[in-house]
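Colleague: Please find the sequence and the predicted model below.
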Amino acid sequence: MKKLLVMVSAVLLFATVKAQENKIGISFFQNYSTFRFIDSGGEKDDLNFTLKSGYGLTYRRYFNKPWFVEGGIAYNNKGASSSLNLSRLDWSFNYVNADLTL
């Protein structure tokens, strides 16, 4: 039993050390966003903020410290809301962001 415990501990220790070399990150976030419109007459229309969400995934791989490469991709959603003649207007802006760091 003691031998099995030592072997399992060694495997878990190796897996933990190996996992620290490459990192995976998951992110979830909330955006408070609004738009400011100026019409052709110069009048400003400040729309109310909306609460939107986004999420992303990153991966970092180390080669020889301090050298690493990191890549990420994220989906983002922003917007605003207003009303016109008792009708609700909802503006949304969705985009995907990708990055690579060397």
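Modeller: Right, received. Where do you want to start?
Colleague: Name every strand pairing with the longest strand anywhere in the chain and say which way it goes.
Modeller: Ranked by number of residues, the top strand in the chain under DSSP state E is strand 68-84. Applying DSSP bridges, strand 68-84 is found paired with strand 48-62 (antiparallel), strand 87-101 (antiparallel).
Colleague: and the residue nearest to Phe28 when sequence neighbours are not counted, bridged to which residues?
Modeller: Closest residue in space to Phe28, ignoring its immediate chain neighbours: Tyr55 at 4.9 Å, by C-beta to C-beta, 6 or more residues apart in numbering. In this view, the C-beta of every residue, glycine as well, is placed from N, C-alpha and C. Beta-bridge partners for Tyr55, by DSSP bridges, are Phe28, Tyr75.
Colleague: Before we move on, what's the pLDDT of Tyr55?
Modeller: According to the prediction, Tyr55 has pLDDT 90.
Colleague: ok, how many other residues are close to it?
Modeller: 13 (other C-beta atoms under 10 Å).
Colleague: Surely it and Ala74 touch.
Modeller: Yes: the pair Tyr55 and Ala74 passes the contact test of C-beta atoms under 8 Å, sitting 6.9 Å apart.
Colleague: Now list whatever residues contact both of the two.
Modeller: The contact sets of Tyr55 and Ala74 overlap at Ser27 (C-beta atoms under 8 Å, 6 or more residues apart in numbering).
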